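[1] Structure here, sequence nowhere to be found:
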């Protein structure tokens, strides 16, 4: 079993910044993909930014709405990803969930979710 522990959420004014962290622990063989999703009240969960590990090098994908404002980074030696969020807008208000897809040689890939951390952007 794998645990994803998020931290760094909170209340910030429009234009401000926050940095989220997600650390994975437990039985981890190989992380395929790790990143962030968010869910605002009354809306579906959506991808924010993820890192995909490839033999040719890691690649990142992010939602158009956060490009140029949010930056995802990783320290896979610590099984940790970060989300630096700058120029925050009220529409970024949501619960942010960490997500990890982990490969095991005996069972294949398994997806895990964190418990979520609230980000509120308000004056």
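    Happy to help now that I have it. Note that this is a predicted model, so its numbers are computed, not measured.
[2] Report the beta-bridge partner residues of the residue nearest the centre of the chain.
    The geometric centre of the chain, computed from its C-alpha atoms, lies nearest to residue 36 (C-alpha atoms, centre = their mean), at 2.2 Å. Under DSSP bridges, the beta-bridge partners of residue 36 are residue 49, residue 98.
[3] what sits against it?
    20, 22, 47-50, 72, 81, 83, 96-99 (C-beta atoms under 8 Å, 6 or more residues apart in numbering). To be clear about C-beta, it is placed using only N, CA and C from the backbone, and glycine gets the same treatment.
[4] Model confidence score at residue 29, please.
    At residue 29, the predicted lDDT confidence score is 89.
[5] what's around the nearest residue in space to it that is not next to it in sequence, how many residues?
    Distances taken as C-beta to C-beta, 6 or more residues apart in numbering put residue 104 closest to residue 29, at 4.9 Å, once the chain neighbours are dropped. Taking other C-beta atoms under 10 Å as the criterion, the count of residues near residue 104 is 12.
[6] What's the separation between residue 104 and residue 93?
    36 Å (C-beta to C-beta, to the nearest Å).
[7] Likewise for residue 49?
    Spatial separation of residue 49 from residue 93 under the definition C-beta to C-beta is 17 Å.
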